[in-house]
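Asker: how would this look folded up:
(2 chains)
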Amino acid sequence: MNNDISRTITRIAEIIINELKLEDITPETFDADLDLVDEVGIDSMDLATVVLVLRDEYGVRIDEDDYPKLTTVRIIAGYINDKLNSSE
Amino acid sequence: MSAGQQEYKFSEIIADPMIRERWEKVRRYFFLRESTYDMSNRCNIRCEGCYYFTGEKQFAEENDDEASWRQLLESEKERGITFVVLAGAEPSLVPHLCRVCYNVIPLGAIASNGLKPIPKEIDYQIHISVWGNDQTSQVVRKAPDMLVRQMENYRDDARAVFVYTFTPGNIDEAREVTRLLADSDQKITFNMFSAPLGYNGDLRHTTETLDKTRLVMSELLTEYPQSVLFSPYNIVAHTAELGLHELFSCSYPRMNPSTDIGLGKSFRQYRTDLQWDRDAACCVPDTDCDDCRHYAAGSAVVTARMYRHAIDPVTFSAWLDYVDTYLAVWVRGYQKGPNLCNTFINPPSSI
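Answerer: Have a look, this model is predicted:
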């Protein structure tokens, strides 16, 4: 389970870095607890883009009302894992 | 392309070269973060159904101090605002304050009645409100020769976008006005009268006038594609029986309790005394949210709902047309491309 979360965190970090063209950071050095809005500077349209890529990657739908809760990479990873587990 | 039952991945939707190109074009503007500012509590005309002269904001004291405005705009820039909308009551009456705003945040738009030219060096997009032909304007806005004067003031001015507000009484006149503007190489976009709170006058739309407006908008978009900044999906979104909030769930603070992200976090609507109130903050304060089909509201509210439109190529194309239109209407120098989706599609529900 921890490995699953860890892999998901790294992959989400990679997607965010790619989609937002973040520099000087790698998926391994991305702090999973950084606040994506206040500390990384993501806004709603950026997040919607990331969420679409995550939908492709993991096959999970993320409710629009849940966006505001997705404040860190770790929270997103937990959210996705929960969705995946509940669909098993 | 056609909308079907197939489930698409986002990567499949944007694999279409035309969709990808448009997607890459519009996403470069995702950095825009807006707030709006009432600039004066005076206007040189008084229109029936004016949203500014409804509610408490009209009584706010006018702050004419340039230093105070500069300080406000600098603090706005500091908190991430990249786009300003200078609106009520009539910004052209205080050009010195508009200039201060422009010098601090150089992207923005001004909503004006167009009767007093705004100095050229204030290089914001200028939205000039039109409420029918000059006979109708004389009745509803109590001002003579409005269109003639507006067109003269903004002849060959690339900042100008004429905003035709459809009311139940001026639908047919849109043909005459659009032809005049198109013949003068002016740009025009469409707005829907959205009733202020408590307004029950003749300007409030009905099912019949919404349907009729949809037909006339379609006709004009087909006839003047170079002059009319609109898309079939704009027509659907703004002439539907349901208002924008019901269709798309308005994301302005007044209707959105979340302060975590997006408009709910960053948007403010400042009164002329430079104060703001979260409970009242939206692009057209004191509008009846159930009746809101306002073009400014749609520009933010529809655009914010990207995720729910990314379900198939047709629906996503319609959304891209809407965003492309919004950017052409609001951002100086942005050129609208041809619409990708030329059929009416129903707005998707939230997922």
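
Asker: Return the distance of B:R278 relative to B:L244.
Answerer: Look at B:R278 and B:L244: by C-beta to C-beta, to the nearest Å, they are 20 Å apart. From N, CA and C alone the C-beta is placed, and that goes for glycine too.

Asker: for B:F190, that is, sorry about that
Answerer: 14 Å.

Asker: Return the nearest residue of chain A with respect to chain B.
Answerer: A:S44 (3.2 Å; C-beta to the nearest C-beta).

Asker: So for that residue, what's the nearest residue that isn't a sequence neighbour?
Answerer: Counting by C-beta to C-beta, 6 or more residues apart in numbering or on different chains, the nearest residue to A:S44 once its immediate chain neighbours are dropped is B:G262, at 3.2 Å.

Asker: Kindly provide the distance from the one you found to A:E64.
Answerer: In terms of C-beta to C-beta, B:G262 sits 11 Å off from A:E64.

Asker: Now do the contacts for the residue of chain A closest to chain B.
Answerer: By C-beta atoms under 8 Å, 6 or more residues apart in numbering or on different chains, A:S44 lies in contact with A:67, B:251, B:261-263, B:304.

Asker: one step back: you'd agree the residue nearest to A:S44 is up against B:C250?
Answerer: No - counting by C-beta atoms under 8 Å, B:G262 stays clear of B:C250, with 11.4 Å between them.

Asker: So the top helix by length along chain A, near chain B or not?
Answerer: The helix that spans the most residues within chain A, counting by DSSP state H, is helix A:2-20. No - Helix A:2-20 is not in contact with chain B by C-beta under 8 Å from any C-beta of the partner chain; minimum separation 9.6 Å.

Asker: Need the three-state assignment for whichever residue of the stretch 51-200 of chain B sits closest to chain A.
Answerer: Closest to chain A within the stretch 51-200 of chain B is B:G80: 8.2 Å, counting by C-beta to the nearest C-beta. The three-state label given to B:G80 by DSSP: H, G, I helix; E, B strand; the rest coil is coil.

Asker: phi, psi of it?
Answerer: Torsion angles at B:G80 (phi, psi; degrees, to the nearest 10) stand at phi 100, psi 10.

Asker: Contacts only, for it.
Answerer: Counting by C-beta under 8 Å, 6+ apart, B:G80 has contacts B:33, B:266.

Asker: if we can go back for a sec, which two from the contacts of A:S44 end up farthest apart in space?
Answerer: Longest distance between any two of the contacts of A:S44 is 12.2 Å, between A:Y67 and B:L263; criterion C-beta to C-beta.

Asker: In terms of neighbours, single out the busier of those two.
Answerer: Shown here are A:Y67 and B:L263; by other C-beta atoms under 10 Å in any protein chain shown, B:L263 has more neighbours (26 against 18).

Asker: Where does the closest residue to that one other than its chain neighbours fall, secondary structure wise?
Answerer: Once flanking residues are discounted, B:L263 sits nearest to B:S251: 4.5 Å by C-beta to C-beta, 6+ apart. For B:S251, there is no host helix or strand (DSSP states H and E).

Asker: What residue in the stretch 151-300 of chain B comes nearest to chain A?
Answerer: Counting by C-beta to the nearest C-beta, the stretch 151-300 of chain B gets nearest chain A through B:G262, at 3.2 Å.

Asker: Give me the contacts around stretch B:299-309.
Answerer: Residues contacting stretch B:299-309 (C-beta under 8 Å, 6+ apart): A:44-45, A:48-49, A:51-52, A:62, A:64, B:34, B:237, B:244-245, B:248-252, B:262-263, B:283, B:315-316, B:318-319, B:322-323, B:326, B:329-330, B:348-351.

Asker: Pull out the buried members of these.
Answerer: Neighbour-count burial (16 or more other C-beta atoms under 10 Å in any protein chain shown) applied to the contacts of stretch B:299-309 gives A:44-45, A:48-49, A:51-52, A:62, A:64, B:34, B:237, B:244-245, B:248-252, B:262-263, B:283, B:315-316, B:318-319, B:322-323, B:326, B:329-330, B:348.

Asker: Strands along the stretch 1-150 of chain B, start to end?
Answerer: Along the stretch 1-150 of chain B, the segments classed as strands by DSSP state E, counting those that start in this stretch run B:34-37, B:83-86, B:108-112, B:125-130.

Asker: of the ones you listed, which approaches B:N170 most closely?
Answerer: Comparison of the strands of the stretch 1-150 of chain B against B:N170 by C-beta to C-beta identifies strand B:125-130 as nearest, at 9.1 Å.

Asker: quick one, what contacts the residue nearest to B:L86 when sequence neighbours are not counted?
Answerer: Distance criterion C-beta to C-beta, 6+ apart; nearest residue to B:L86, sequence neighbours excluded, is B:I110 at 4.6 Å. B:I110 makes contact with B:85-87, B:91-92, B:98, B:118, B:122, B:124-127, according to C-beta under 8 Å, 6+ apart.

Asker: For my notes, please list those residues in JSON lines and give pLDDT for each entry.
Answerer: Formatted as JSON lines, the contacts of B:I110 follow (pLDDT from 0 to 100):
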{"residue": "B:V85", "pLDDT": "96"}
{"residue": "B:L86", "pLDDT": "97"}
{"residue": "B:A87", "pLDDT": "93"}
{"residue": "B:P91", "pLDDT": "96"}
{"residue": "B:S92", "pLDDT": "97"}
{"residue": "B:C98", "pLDDT": "98"}
{"residue": "B:I118", "pLDDT": "97"}
{"residue": "B:I122", "pLDDT": "98"}
{"residue": "B:Y124", "pLDDT": "98"}
{"residue": "B:Q125", "pLDDT": "98"}
{"residue": "B:I126", "pLDDT": "98"}
{"residue": "B:H127", "pLDDT": "98"}
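
Asker: Which of those residues are buried? Put it as a PyMOL command.
Answerer: Command for PyMOL that selects the buried part of the contacts of B:I110, burial taken from 16+ other C-beta under 10 Å:
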select buried, chain B and resi 85+86+87+91+92+98+118+122+124+125+126+127
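
Asker: ok so, going back, for the residue of the stretch 151-300 of chain B closest to chain A, give me its contacts.
Answerer: Contacts of B:G262 (C-beta under 8 Å, 6+ apart): A:43-45, B:251, B:304.

Asker: Adding secondary structure, pLDDT and distance to B:G169, write the residues you listed out as CSV.
Answerer: Shown next, in CSV, are those (DSSP: H, G, I helix; E, B strand; the rest coil; pLDDT from 0 to 100; distance: C-beta to C-beta, whole Å):
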residue, secondary structure, pLDDT, distance to B:G169
A:D43, coil, 80, 40
A:S44, helix, 80, 38
A:M45, helix, 87, 38
B:S251, coil, 76, 31
B:A304, coil, 87, 32
